[in-house]
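Asks: Predicted model, plus sequence, below.
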Amino acid sequence: MNTFLSRLNTIFAFTLSVMAGLTFCCFLTTAFNEHKALVYIGTGKTIVKNVPDYSATREKNDLGFVVFDMQADLSRIFNWNVKQLFLYLTAEYETKDHVLNQVVIWDKIIKRGENSVLDYRSSNTKYYFWDYGNGLKGNNNVTLTLSWNVIPNAGTLPKIRGEGSHKFKFPNEYSTNRL
């Protein structure tokens with residue numbers, strides 16, 4: 001004879017199995033969405049300075065300042081299974097020492113129900129654009145790209161790169177002006 005606790009355990013295990021199956025079926029309804037969007041990025045003023053980095057070794061390193069414009073409509077990405085988007089703007093460039101350098105210079109979290117149309121004009125970077133060396137001065141191949149992580153209710157966490165990027169170059173001389 002089964003006790004009350006063993007019957008309760010059986011009901012709980014069956015309910016948990018059914019809920020896991022339903023969650024997987026719900027995940028399948030949005031698993032093959034591409035989550036892509038067109039992005040326009042532009043730059044205005046770009047400055048590079050050679051200043052000491054007091055957070056590390058106190059050696060002089062390049063510090064870049066970028067004023068950027070960005071427009072994107074991310075409303076198509078949101079569906080019932082998207083809780084929020086984590087957006088980040090990266091600068092990618094090559095130096096003599098490293099083939100690939102990536103620096104996150106701006107980020108934002110957009111939750112479901114918030115305005116998901118981006119329209120930034122003459123915006124400053126949120127984070128410092130340090131190069132640990134002298135790789136920014138005269139660098140003519142810096143690429144800005146907007147990427148995002150889709151945070152779902154159920155399923156995988158895809159990392160998506162926006163369709164569109166912007167290449168710019170830093171000046172050949174260090175700036176001595178204050179910003």
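Replies: Sure, I can see it. Bear in mind the structure is a predicted one, so any value in this text is a computation, not a measurement.

Asks: For the chain, which segments count as strands?
Replies: Taking DSSP state E as the test, the strands found in the chain are 39-52, 60-73, 82-93, 101-111, 117-124, 129-131, 142-152, 159-168.

Asks: pLDDT (mean, whole number) over the shortest one?
Replies: In this model, strand 129-131 carries a mean pLDDT of 90.

Asks: Please apply the same query to the fifth one.
Replies: For strand 117-124, the per-residue pLDDT values average out at 94.

Asks: For that strand, list every residue counted as buried.
Replies: L118 (16 or more other CB atoms under 10 Å). Quick note: C-beta positions are derived from backbone N, CA and C, even for glycine.

Asks: Tell me the gap between that strand and the middle of its chain.
Replies: 15 Å (CA atoms, centre = their mean, to the nearest Å).

Asks: can you check the third one too?
Replies: A distance of 1 Å separates the centroid of the chain from that of strand 82-93, by CA atoms, centre = their mean.

Asks: Quick check: the nearest residue to G135 once chain neighbours are set aside vs Y132, distance?
Replies: In space, not counting the residues next to it along the chain, G135 is nearest to T95; the distance is 3.2 Å by CB to CB, 6 or more residues apart in numbering. For T95, the distance to Y132 equals 9 Å [CB to CB, to the nearest Å].

Asks: Skipping adjacent residues, who's closest to the residue nearest to the spatial centre of the chain in space?
Replies: Nearest to the geometric centre of the chain sits Y88, at 2.4 Å (CA atoms, centre = their mean). Nearest non-adjacent residue to Y88, counting by CB to CB, 6+ apart: D107, 4.3 Å away.

Asks: can you count the residues close to that neighbour?
Replies: 14 (other CB atoms under 10 Å).

Asks: Let me know whether L89 touches F68 as I believe.
Replies: Yes. Contact between L89 and F68 holds when scored by CB atoms under 8 Å: they sit 7.4 Å apart.

Asks: joint contacts of those two?
Replies: Jointly contacting L89 and F68 under the rule CB atoms under 8 Å, 6 or more residues apart in numbering are I41, W106, T125, L144.

Asks: Let me know whether K126 touches Y88 as I believe.
Replies: No. Look at K126 against Y88 with CB under 8 Å: they stay out of range, at 9.6 Å.

Asks: anything in contact with each of these two?
Replies: Joint contacts of K126 and Y88 (CB under 8 Å, 6+ apart) are W106, D107.
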